[in-house]
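**Q** Quick one, fold the following:
(2 chains)
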Amino acid sequence: MDSIKDKKSWFEKNKVNLGKAGSIAGFFLVIYVVWQNINHYFPWNFGVIPEYLPLFRAGALATLEITTLGILFGLVLGIIIGLMRTSKIWIFDSLARFYIFIIRGTPLLLQLFIIYYGLSSVVKIPGYPAAIIALGIHNAAYIAEIFRGAITSVDRGQREAALSIGMTSWQSMKRIILPQAFKRAIPPLGNQFIIALKDSSLASTIAVSELILKSRQLASSNFMMMEMLVVAGIYYLLLTSVFTYIVFKVEKKLGVSDHRV
Amino acid sequence: MIEIKGLYKSYGKVKVLKGIDLKVEESEVVVIIGASGSGKSTMLRCVNFLEKPQKGTISIEGKVIDPKSKDLNFIRQEVGMVFQHFNLFPHMTVIGNVMEGLIQVKKYNYDEAEKEALKMLEKVGLSDKAQVYPSVISGGQKQRVAIARALAMHPKVMLFDEPTSALDPELVGGVLQVMKDLANEGMTMMVVTHEMGFAREVADRVVFIDQGVIVEEGTPEEIFNNPKEERTKEFLGQIL
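**A** Numbering: from 1, shown residues only, chains lettered A, B, ... in the order given. You can find the predicted model right below:
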């Protein structure tokens, strides 16, 4: 019996797991090979990012401007279409449905091109306002649906109570339904604003010098595409964070979750 | 005071009211009883046209109401309504709820409205809750605020649509007391309720509705002690 025990290998005697050892060795081998060819696998120089950040400021400002103005335009138009959508007058409702059908059913890029290129034979709209108009028109369809949802989510007893004390239909909408609907619309609206901010990048296709176009322009001269895109990405994250924070503050201030009856 | 004549109402194929005739005199308290789905709430809601009847007329003080006229908002001021689920405005304080109609409809200025609203809240015993939001008061208190909100418009008639049905049992008494006080002051009232004690004590007349028609009406003694119709007996047998 002793002889069999003696036939155990060195590995067995020292309780070394061959498979485990192999994987660890392989892992270090891969690391070694990659390290030897680091410039092939990781050819970027992210060290330049800090020095390029200031060069993107104008682009970030352009992104912020077309987004903000686009959203404001979209909000006004969206509220009007949302109200039309809840109207009992069929022609208003139908027009609003048609608008949402067309706008939500086609891509923003198409709408942007129609305004910038398509209409150019009739009226030449420069890239900057064209982007704002397209963003506004596009987002209005979604904002309208957000408002419609918020308005219909207010209990119908609220309207009945308002009517029962002699308020007109419009008064009950303005004083009772809309204030409650606005509160409920804020979280989805915040979401929509962030989508709009990112969608504004499409304006780069019509020569608006926002973040994406800026990064492509710089990259075409310094050949650091990845680095420039990362800089643009940092700015997008910064802007979306600011938006998120503002929405959070507004939600808190209005007590979106409070005052339920 | 109020006259309902030949009232028909259906939702699609479902006939809810099949020809209701009812007269309510000034200062009279009429309690409407019946099983759920009998049409009693629908009838009440037709009186201030929250439901539009297909046929029939409502007249108030001898004047037939045209639901399409501009007067409708004016008429609704004269007919206060209290709902089962209170329907307070959650984004306004208690006093804000009571002031809303005074400012928006009666065009009071802020100070007048505040004074009047406080008077109404005192009447329902809630002047100390004036500045809080409805979400922090009890169901019974909410319903009393709702009553104050309706009373602020100085209606000639008050409609109560199951005002205590959504309340915890211990909160029912306070609401019924406010309603009794109102009745004693001579308010004309139509009350849909399951509170038979209230009906017995306060009602001048009890109306029993079943399957969209008035089956029987009479004084509380007549209805509760000597019901004539089989259906009335059956209904009362089930609930008493």
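
**Q** contacting residues for B:Glu114?
**A** B:95, B:99 (CB atoms under 8 Å, 6 or more residues apart in numbering or on different chains). (Each C-beta comes from the backbone N, C-alpha and C, glycine too.)

**Q** The one 5 residues further on too?
**A** B:Lys119 makes contact with no residue under the criterion CB under 8 Å, 6+ apart.

**Q** what does the model give it for pLDDT?
**A** Looking at B:Lys119, its pLDDT reads 95.

**Q** Show residues contacting the lengthiest helix in chain B.
**A** Identified as the longest helix of chain B according to DSSP state H is helix B:169-184. Counting by CB under 8 Å, 6+ apart, helix B:169-184 makes contact with B:29, B:123-125, B:138-141, B:143-144, B:147, B:151, B:158, B:160, B:163-164, B:167, B:189, B:191, B:195, B:198, B:201-202, all of which sit outside it.

**Q** Among the residues you listed, name the buried ones.
**A** B:29, B:123-124, B:139-141, B:143-144, B:147, B:151, B:158, B:160, B:163-164, B:167, B:189, B:191, B:195, B:198, B:202 (16 or more other CB atoms under 10 Å in any protein chain shown).

**Q** Can you list which of the residues you listed are found in strands?
**A** B:29, B:158, B:160, B:189, B:191 (DSSP state E).

**Q** Chain A contacts on chain B?
**A** B:48, B:50, B:73-74, B:76-77, B:79-81, B:83, B:85-91, B:100-101, B:104-106, B:133-135, B:142, B:146, B:149-150, B:152-153 (CB under 8 Å from any CB of the partner chain).

**Q** For those, which ChimeraX command selects only the ones that are buried?
**A** The ChimeraX command for the buried members of the residues of chain B next to chain A (criterion: 16+ other CB under 10 Å) is given here:
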select /B:48,50,73,76,77,79,80,81,83,85,86,87,88,89,90,91,100,101,104,105,106,133,134,142,146,149,150,152,153
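
**Q** Just the residues of chain B next to chain A: which are in helices?
**A** Those of these lying in helices (DSSP H): B:73-74, B:76-77, B:100-101, B:104, B:142, B:146, B:149-150.

**Q** quick one: which two of those are the most distant?
**A** B:Phe74 and B:Lys142 (27.1 Å; CB to CB).

**Q** was I right about A:Ser201 contacting A:Ile212?
**A** Yes. Using CB atoms under 8 Å, A:Ser201 is in contact with A:Ile212, at 4.6 Å.

**Q** residues contacting A:Thr240?
**A** Taking CB under 8 Å, 6+ apart, we find A:Thr240 in contact with A:194, A:197-198.

**Q** List only those of these flagged as buried.
**A** Counted by 16+ other CB under 10 Å, the contacts of A:Thr240 give A:194, A:197 as buried.

**Q** excluding its backbone neighbours, what's nearest residue 74?
**A** No chain in the question, so chain A it is. Spatial nearest neighbour of A:Gly74, chain neighbours left out: A:Asn139 (3.4 Å); criterion: CB to CB, 6 or more residues apart in numbering or on different chains.

**Q** Chain B, not that one
**A** Distances taken as CB to CB, 6+ apart place A:Gly166 nearest to B:Phe74, at 6.6 Å, with adjacent residues excluded.

**Q** and A:Met167, backbone torsions?
**A** Note on A:Met167: its backbone torsions stand at phi -70, psi 150 [degrees, to the nearest 10].

**Q** where's it relative to B:Val192, distance?
**A** Distance, A:Met167 to B:Val192, by CB to CB, to the nearest Å: 23 Å.

**Q** How about B:Ile4?
**A** In terms of CB to CB, B:Ile4 sits 14 Å off from B:Val192.

**Q** The two: which is more packed in?
**A** Applying other CB atoms under 10 Å in any protein chain shown to B:Ile4 and B:Val192 shows that B:Val192 carries more neighbours, namely 25 against 21.
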